[in-house]
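Asks: What would the 3D arrangement of this be:
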Amino acid sequence: MNKGLKITLRVLVTIILVVVLLLALVKVGERIFFTGFFTNAETEFKIPGLNDGYIPQGFEKIELEGKTHFLACGYMKNKSSSRVYLLEENGNILKEIKLFNEDGGAFTGHAGGLTYQYTDNGNYLYISGSKCLYVFDLDDVLGDDDKATRIGKFNVSTLAEGVQGQDEVSPAYCKVFDGYLYCGSFHDQANGYPTTSNQHFTKGEIKNHSTILKYKLDPSAKYGLSLKPEAVYSTPSTVQGMTISNGKLFLSCSWGLSISKIHVYDLNKIEATELCKTDKTIWNNEYPVYFVGGDNYITTISAPPMAEEILYHDGRIWIMNESACNKYIFGKFTSGNYLYSYYYNTNN
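Replies: Numbers count the residues shown, from 1 in each chain. This is a model prediction of the structure:
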């Protein structure tokens with residue numbers, strides 16, 4: 001072997017060793033920086049689709065044949081059909097379902113949060129997207145085929161279906177719980193995600209710029225939902241997902257490389273406190289508006305960047321993360337490849 005080749009090989013080996021060392025330091029550094037999180041967290045399973053352009057967003061639990069399964073959804077970097085995954089409790093992929101519009105074209109929308117309900121008139125899967133909830137037939141999603149076709153959409157608004165108005169909320173996440181469907185908006189003014197002024201509320205020194213609309217489930221209605229909400233919740237910015245358990249409201253907040261925050265609130269105190277006083281005529285003063293924050297705040301859990309939708313299962317907060325997808329990549333070198341669950345006792 002000539003001298004020049006030996007030098008080249010030594011340089012390459014040195015570069016590889018330096019890169020490996022840096023990656024190891026990044027992982028160790030993350031574990032140190034988020035010691036409080038990883039001390040109480042467990043690695044559950046690898047998030048599906050991370051290396052083929054899938055961008056994880058939504059996450060929900062579903063019981064099938066007496067066993068716990070999960071539904072996960074997201075959109076694609078290459079603008080192909082958005083996806084839903086059906087997973088076993090250990091993360092094993094049972095189905096990868098591609099989504100399509102009513103006309104047969106690929107559904108390429110921002111598949112954000114997802115949730116579902118069973119009714120006597122049909123079983124519905126709801127996916128939050130731009131300006132509305134997209135509605136799919138849950139039986140179609142869970143069936144033998146590897147695709148599902150959209151059956152309609154539901155405007156997240158205080159107005160009647162199909163009516164355009166300034167009161168519309170663009171839902172980033174959604175959750176069915178205890179007879180209601182909750183749809184929430186995402187706000188981050190600095191990064192190009194404003195919300196309409198009717199969603200801005202202030203209480204003391206706290207300013208909220210997002211809302212959650214609470215709809216009564218109505219099995220006899222189209223898509224299983226009442227046309228108008230029963231209440232509005234004023235929420236903080238950058239909310240990516242929510243879940244409820246034992247009277248506790250959990251909001252997952254994140255943006256970019258910033259630390260993810262899972263805020264915990266006492267839902268009973270929220271609904272018992274004085275309503276927001278508003279002259280915002282867009283709401284027509286017909287809806288109780290509850291302020292999330294202040295006296296009903298309990299604690300905040302810090303987590304690695306880019307936490308998306310969350311759910312509460314088996315005494316833990318399960319956290320979907322998008323940092324390791326091909327759109328962002330950096331999570332491949334940290335903890336972002338895996339779904340983690342964080343122990344939190346809701347009885348406290």
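Asks: is it true that Y215 touches L225?
Replies: Yes: here Y215 reaches L225: they are 5.2 Å apart, a contact under Cβ atoms under 8 Å. The C-beta positions use only the backbone N, C-alpha and C, and glycine is treated the same way.
Asks: Among those two, which residue is more densely surrounded?
Replies: L225 (26 against 23; other Cβ atoms under 10 Å).
Asks: now the more buried one, which residues is it bridged with?
Replies: L217 (DSSP bridges).
Asks: and it, what does it touch?
Replies: Counting by Cβ atoms under 8 Å, 6 or more residues apart in numbering, L225 touches 154, 181, 215-218.
Asks: Next one: it, what pLDDT does it get?
Replies: As predicted, L225 sits at a pLDDT of 93.
Asks: coming back round to it: now do the shared contacts for Y215 and L225.
Replies: Shared contacts of Y215 and L225, defined by Cβ under 8 Å, 6+ apart, comprise L181.
Asks: Could you tell me which of the contacts of L225 count as buried?
Replies: Applying a neighbour-count criterion of 16 or more other Cβ atoms under 10 Å, the buried members of the contacts of L225 are 154, 181, 215, 217-218.
Asks: Any idea which of these the model trusts least?
Replies: Minimum pLDDT across these is recorded for F154, with 90.
Asks: Under a three-state scheme, what state does it occupy?
Replies: Using DSSP: H, G, I helix; E, B strand; the rest coil, the structure places F154 in strand.
Asks: Can you tell me how far the residue lying closest to K332 once chain neighbours are set aside is from L225?
Replies: Take K332 and drop its neighbours on the chain: the residue closest to it by Cβ to Cβ, 6 or more residues apart in numbering is A324, 4.7 Å away. Noted for A324: a distance of 34 Å to L225, by Cβ to Cβ, to the nearest Å.
Asks: The residue nearest the centre of the chain sits in which helix or strand?
Replies: With distances taken as Cα atoms, centre = their mean, the residue of the chain nearest its centroid is E309 (2.4 Å). In the assignment (DSSP states H and E), E309 maps to strand 307-313.
Asks: ditto for I270
Replies: helix 267-272.
Asks: What is the distance between the next helix or strand after that helix and the centre of its chain?
Replies: Remark: after helix 267-272, the chain's next helix or strand is strand 289-291, criterion DSSP H and E. Centroid separation for strand 289-291 versus its chain: 21 Å, with Cα atoms, centre = their mean, to the nearest Å.
Asks: Tell me where this protein is predicted with low confidence.
Replies: 1-29, 158-168, 274, 276-286 (pLDDT under 70).
Asks: Going along the chain, name the helices of it.
Replies: 3-33, 35-39, 138-142, 267-272 (DSSP state H).
Asks: buried residues in the second one?
Replies: It refers to helix 35-39. Buried residues in helix 35-39 (16+ other Cβ under 10 Å): 37-38.
Asks: Distance from the chain centre to it, please.
Replies: Distance, centroid of helix 35-39 to centroid of chain: 22 Å (Cα atoms, centre = their mean).
Asks: what helices or strands is that helix leaning on?
Replies: Here helix 35-39 touches strand 297-303, going by 3 or more Cβ pairs under 8 Å, 6 or more residues apart in numbering; DSSP states H and E.
Asks: List the strands paired with the strand it packs on, with their directions.
Replies: strand 260-266 (antiparallel).
Asks: Please save the CA atoms from the partner strand in PDB.
Replies: What follows is strand 260-266, C-alpha atoms only, in PDB (Å, rounded to 0.1, in the frame of the first residue of the first chain):
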ATOM      1  CA  SER A 260     -41.200  20.200  24.500                       C
ATOM      2  CA  LYS A 261     -43.500  21.000  27.300                       C
ATOM      3  CA  ILE A 262     -46.400  18.800  28.500                       C
ATOM      4  CA  HIS A 263     -48.500  21.100  30.700                       C
ATOM      5  CA  VAL A 264     -50.900  19.500  33.200                       C
ATOM      6  CA  TYR A 265     -54.100  21.200  34.400                       C
ATOM      7  CA  ASP A 266     -57.000  20.300  36.700                       C
END
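Asks: tell me the angle of it relative to strand 307-313?
Replies: 40 degrees (axes from the mean of the first three to the mean of the last three Cα atoms, to 10 degrees).
Asks: Now do the same contact list for T238.
Replies: 186-188, 253-255.
Asks: now swap in G184 and tell me
Replies: G184 touches 169, 171-174, 210-213, 233, 235, 239, 242, counting by Cβ under 8 Å, 6+ apart.
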